[in-house]
Each structure stands twice: as C-alpha cells, then as structure tokens.
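Novice: Need coordinates for the below:
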Amino acid sequence: MTRPLTGGGAAAGIDERHPPIKPRRVSFDWSSTPLHWVPGDPLATHIINSFHIVLPEGEKWFIQCVKDARPYIGDERLLEEIRGFIGQEMVHARSHQGVLDQILETNGIDISKITDEMAKGNAERPAQMAALKERNPRAWRRRLRFELAAVASIEHYTAVLGQWIMDNDRLEEAGVDSTMLDLLRWHGAEEVEHRSVVFDVYRAMGGRYPTRVAAWVVSLFFLYWALIGGSLYLMKQDPTVTKRITPLRVVRSYRRSVRRGHVPGIFKLLLGEAPVYLKPNHHPSKVCSTPRALDYLKRSPAAQAAGYDPY
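Specialist: From the prediction side, this is the model:
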C-alpha cells in the first residue's frame, strides 16, 4: 500500500519532537545490486539515484551549517541532538557515496560534473564564512540563518520522503533490490528521527518566518533541479538506455512509474507540502511518525548488523 506523502501520529511514551538521536555505523554490500535496481524501470531508478548524487556533498553542507551555529546554542538537549545529527549525516554521506562509487561509476555513468562542483563549494565555504564573519558579523549571522532555513526546508522533504518509502509496500511488489531498499528506508527512518534538529537550531539562532519562507523557495528550486535535472542527466549517461530521450517519452515513463508506486509524484511532493511547511506555527514534530521510524530501525538488516538497539 502506498500512503499519503505527509505522515503523522504519535505513540504514548515516545517523544515525537525530541527522540533520542545517535548514529548507526551501517554498511552495505553493492556487489549484487544491478544498475536498474527498480526492475524494468530505469527512470524511477534514476529519479532516486539523483538523490544519491547530491546527498554526499549535501549532507556535508548540512553539517557545516549546524557546526557554525553550535557555539551559539545554549540548550544542552539541543546540543546533544546536534551531536547525534552530525553523526547520522556523516554516515549518510558515506553510505550514498558507496552507491556512486560501486554502482553508477562502475557502470560507466560519470557524475563528476555535478559532484565536483558541489565538493568545490563545500571546500570553499569555510574560508568564505570566516572572512565574512571577520568583515561583517551581522551579515555572517544573516547568511548562516538563511542557510539553516534552507537546510530545514530540505530536511522537511527528506523526512516526508522517508515516511513515504517506509510505508510503500509496492516497492517490494516491484522487486526493488533489497539492499537498496534497506539503504533508503534506513536513511528515511533516521531523517524522520532527526527531522526537528535543524529547524530548532534555526529558531535558536533567531530565525524568523519571512526568512523561512524565502529559504523554502530557494530550496524548492534546488530540489526541482536535483530530481528533474539529475534524473534526465542520468538517463542520458546510462549506457544501457538505447532509446532516444524525448520529453514525451520521459513524461509517459514518469507517469507510469508514479502509478506503479515506484516514485512519488514530484510536483505533488514539492508543492503539496507547501501548505504544511509554510504554516506560521509549523514544527517538524507535527509531521511523520517517530514510532514508525524506530519500528523500521528494529528490522533494518543494516541497522541490526551494526548492532543497533533502539531501547
């Protein structure tokens, strides 16, 4: 069964807003995972592969932003959550890099055009931020708040996607590679688990609603580029896709993939979540389900192999 993109619900005794957060040192063996790990559906495969491309460097940017804010956070509980968040994001970056190295690149798909540019931005950012802080501390704080707001927006979408992929039984019915499905569900569960952290850091840094809205708009364009542009780029790079990539053929394949439950509706996801995230009183604890995430982590092969005990 495929459930709505926005999840919800709470269980007695579990704090939806601030669940315990800790990294799980998972690992994945990709030796048996095919290039098209959604059988017979290269477009659905590459729509989700587009996340694999941007996540390693994207997660590192998230970590940089939170680390920049950490010295200004006085709440001990939030500081503890920041430590757990950073640990989880580091493992996420490493795990998705494994997909790039062992599946995409070994099958002749060159993604360096995208990843090198992102890595360059991350490498240059610390010096840029340090220079800005020395030159104009108020401008530095404004930029950091904007970046935190952008990360909080993206974290909303990754949590909603995480809930969707945990709840979507049609992926097993489609024969999706079990190792890849575990990676996506483990990552999705941890996104649900730590979904409030960056939002709370943003507010602790004095972030306000207008900046949150402006950063959401920027994040929306980034996610659109990552999902649409990234998947088209991968389809053109894929040596096994021999048919000409035309707009009509892509649209038909995309609609078929959505109907089959292989991917969520991208436009429904991006725009449908706007009324939720843009509520002035929104908080991430109001969407998705921590108990559902913890339940999956109890069953995740990778999390269990890493010795994870949720209690």
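Novice: Tell me which residue lies farthest from the centre of this protein.
Specialist: residue 135 (33.3 Å; Cα atoms, centre = their mean).
Novice: quick one, what contacts it?
Specialist: By Cβ atoms under 8 Å, 6 or more residues apart in numbering, no residues touch residue 135. Glycine gets a C-beta too; all of them are placed from N, C-alpha and C.
Novice: change the start of the numbering to 751 and stick with it
Specialist: Taking 751 as the first residue, the last one we looked at is residue 885.
Novice: With residue 818 as the reference, measure out to it.
Specialist: Separation of residue 885 from residue 818 (Cβ to Cβ, to the nearest Å) stands at 16 Å.
Novice: Also residue 1032?
Specialist: If you measure residue 1032 against residue 818 using Cβ to Cβ, the figure is 24 Å.
Novice: Comparing the two, which residue is more hemmed in?
Specialist: Remark: of residue 1032 and residue 818, residue 818 carries more neighbours, 22 against 16, as counted by other Cβ atoms under 10 Å.
Novice: Walking through the stretch 851-1000 of the chain, point out its helices one by one.
Specialist: For the stretch 851-1000 of the chain, the helices defined by DSSP state H, counting those that start in this stretch cover 862-885, 887-917, 920-923, 928-943, 947-954, 959-974, 980-987, 997-1009.
Novice: in the chain, what spans have low per-residue confidence?
Specialist: For the chain, applying pLDDT under 70 flags the ranges 751-769, 1058-1061.
Novice: Give me the nearest residue to the residue nearest to the spatial centre of it, chain neighbours excluded.
Specialist: Residue closest to the average C-alpha location in the chain (Cα atoms, centre = their mean): residue 908, at 4.0 Å. Of all residues not flanking residue 908 in the chain, residue 941 sits nearest, at 4.4 Å (Cβ to Cβ, 6 or more residues apart in numbering).
Novice: Can you give me the distance of that neighbour to residue 862?
Specialist: Distance of residue 941 to residue 862, computed by Cβ to Cβ: 26 Å.
Novice: These two: which has the busier surroundings?
Specialist: A side-by-side neighbour count of residue 941 and residue 862, using other Cβ under 10 Å, places residue 941 first with 25 against 10.
Novice: measure the more buried one to residue 835 for me?
Specialist: Distance, residue 941 to residue 835, by Cβ to Cβ: 10 Å.
Novice: Could you find the closest non-adjacent residue to residue 852?
Specialist: Per Cβ to Cβ, 6+ apart, closest to residue 852 is residue 780, 4.2 Å.
Novice: brain fart, residue 820
Specialist: With sequence-adjacent residues excluded and distances taken as Cβ to Cβ, 6+ apart, residue 820 is closest to residue 832, at 5.7 Å.
Novice: that older thread, let me see the contact set for the residue nearest to residue 908.
Specialist: Contacts for residue 941 (Cβ under 8 Å, 6+ apart) come out as 905, 908-909, 911-912.
Novice: buried ones in stretch 827-840?
Specialist: 828, 831-832, 834-839 (16 or more other Cβ atoms under 10 Å).
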